[in-house]
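Engineer: For reference, the sequence and a predicted model appear below.
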Amino acid sequence: MRDDEARALLRRMFDSAIAAADPARAIPCNLPAPPRGRTVVVGAGKASAAMARAFEQSWNGELSGLVVTSYGHGVPCRRIEIVEASHPVPDAAGEKVARRILEAVQGLGPDDLVVALISGGGSALLVAPAEGLTLADKQAVNRALLASGASIDEVNCVRKHISAIKGGRLAAAAHPARLVTLVISDVPGDDPAVIASGPTVADPTTFAGALQILAKYGISTPGAVLEHLKATCEETPKPGDPRLANTGTRIIATPQASLLAAAEVAMRCNILPVILGDAIEGEAREVARVMAGIAQQVVRYQQPVPAPCVLLSGGETTVTVRGSGRGGRNVEFQLSLALALRGMPNIWGIAADTDGVDGAEAIAGAIVAPGTLQRAAALGMRPAEMLANNDGHSFFEALKDQVITGPTLTNVNDFRAILIAAP
């Protein structure tokens, strides 16, 4: 297989994964029954603006609403107000709109309907500090968690317990109205309690669990945060809470569905797809070494399947930040993958975030090819040192091997494909 053919096929698979999670495709077939009273739409996440547009285009009755999305991810809506705020570290715009969203769902009755449009990124965007805490407190904790290597469910456990809106608190505020949540999943396992820190669903985690996570990763937090967590004043709504009795949740797009869409692209090209999992977690560089080992087994022994094939996976890896480079979990994965493969022929790979943003960079991810390390050496780069410095974006920028999509207006987490051509 030629290099340009392999790269084009990887990109088509990635594009198909994104298309499978397009809100315009997922929303119309998941509309709730119309209410006798009012319809109020709220939402948060990188896909929430596109979800809002799809909802209002499909909804026949009256409605009003307010949704927060990440900067650059907004789309024009006629009846639902779209506000942009900061991700992954929250800002004042996010705090202001979160308070307004809480106000929007209060005072409704049992004949009214609240539709919550939730997607990945909502945790940072829907920021309402718990009583006694400030935005600066939440920003400090958020930065420390993101750099710690903690898993997304651990990160969100802490976020829930320093928030006035996450962990089911938004649903409690909307009671007694009927609440329907439409969710695009970006987390391993598709657990609605983890996606965007579950603002509209019961929360099984606790204050004690949040404290244990901070201790586990040695995270230093502002004194007010520790005092709040130790005080355990008011737990998040738990399963069985009567305020959540009139709620329902529908997951309308998932990482698995996107992997299946990519698999179809591969099969049309007579490439055997092997889906390794949609919920793979762990340190990005370590997961890459494992994936490289599987790819090498295919090349050397035609196991577990013969080439040509493609190894597909999703999930959310983590990066423990030790360096000062321009990192992101997908470019970290790819740099580690290239080092582990050592230029082995007939193997190409793509790793990219389906929202179009890897880490804090407006780059989705990168492509690795058999010649990646040779080309890097010709440019005088030292890949192992750059990996140690968490500098994946600089590495792939120099090679012009970045994957750039712009905001995709959806988010089903990371997409990875390792293509192994026949010798």
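Structural biologist: Received the coordinates, thanks. Numbers count the residues shown, from 1 in each chain.

Engineer: the strands in the stretch 151-300 of the chain, which residues?
Structural biologist: Secondary structure of the stretch 151-300 of the chain (DSSP state E, counting those that start in this stretch): strands located at 178-184, 247-253, 272-280.

Engineer: mind checking how far the helix or strand where residue 103 lies is from the chain centre?
Structural biologist: Using DSSP states H and E, residue 103 falls within helix 92-105. With Cα atoms, centre = their mean, to the nearest Å as the basis, helix 92-105 stands 22 Å off its chain's centre.

Engineer: Just say which of the strands of the stretch 151-300 of the chain is most tucked in.
Structural biologist: Stretch with highest mean neighbour count among the strands of the stretch 151-300 of the chain: strand 178-184 (a mean of 27; mean count of other Cβ atoms under 10 Å). Backbone N, C-alpha and C define where each C-beta goes, glycine included.

Engineer: sec struct for residue 24, please.
Structural biologist: The three-state assignment at residue 24 reads helix, by DSSP: H, G, I helix; E, B strand; the rest coil.

Engineer: ok, the closest residue to it other than its chain neighbours - contacts?
Structural biologist: Leaving out its chain neighbours, the residue that sits closest to residue 24 by Cβ to Cβ, 6 or more residues apart in numbering is residue 54, at 4.8 Å. Neighbouring residues of residue 54 by Cβ atoms under 8 Å, 6 or more residues apart in numbering: 23, 24, 26, 27, 28.

Engineer: Could you give the number of residues near residue 298?
Structural biologist: Neighbour count for residue 298, taken as other Cβ atoms under 10 Å: 21.

Engineer: what are the pairing partners of the following helix or strand past the helix holding residue 103, and which direction each?
Structural biologist: As assigned by DSSP H and E, the chain's next helix or strand after helix 92-105 is strand 113-119. Paired neighbours of strand 113-119 in the sheet (DSSP bridges): strand 39-44 (parallel), strand 178-184 (parallel).

Engineer: The shortest one - what's its average pLDDT?
Structural biologist: This points to strand 39-44. For strand 39-44, the mean per-residue pLDDT is 98.

Engineer: Kindly report the same for the last one.
Structural biologist: Here the mean pLDDT over strand 178-184 is 98, rounded to a whole number.

Engineer: measure the closest residue to residue 86 other than its chain neighbours to residue 393 for me?
Structural biologist: With sequence-adjacent residues excluded and distances taken as Cβ to Cβ, 6+ apart, residue 86 is closest to residue 94, at 6.1 Å. From residue 94 over to residue 393 the distance is 25 Å, taken as Cβ to Cβ, to the nearest Å.

Engineer: Kindly report the same for residue 187.
Structural biologist: From residue 187 to residue 393 the distance is 24 Å (Cβ to Cβ).

Engineer: Report how many residues lie close to the residue nearest to residue 86.
Structural biologist: Applying other Cβ under 10 Å, we find 26 residues neighbouring residue 94.

Engineer: check contacts around residue 353.
Structural biologist: Shown in contact with residue 353 (Cβ under 8 Å, 6+ apart): 328, 329, 330, 364, 365, 411, 413, 414, 415.

Engineer: before we move on, the earlier item: now the residue nearest to residue 24: which helix or strand?
Structural biologist: helix 48-58.

Engineer: list the buried ones in that helix?
Structural biologist: For helix 48-58, the neighbour count (16 or more other Cβ atoms under 10 Å) marks 48, 49, 50, 51, 52, 53, 54, 55, 56 as buried.

Engineer: Repeat that for stretch 192-211.
Structural biologist: Neighbour-count burial for stretch 192-211, counted by 16+ other Cβ under 10 Å, picks out 192-203, 205-207, 210-211.

Engineer: before we move on, what about stretch 109-125?
Structural biologist: Neighbour count says stretch 109-125 has 112-125 buried, by 16+ other Cβ under 10 Å.

Engineer: Quick check: residue 196 touching residue 117?
Structural biologist: No - counting by Cβ atoms under 8 Å, residue 196 does not reach residue 117; the two are 10.1 Å apart.
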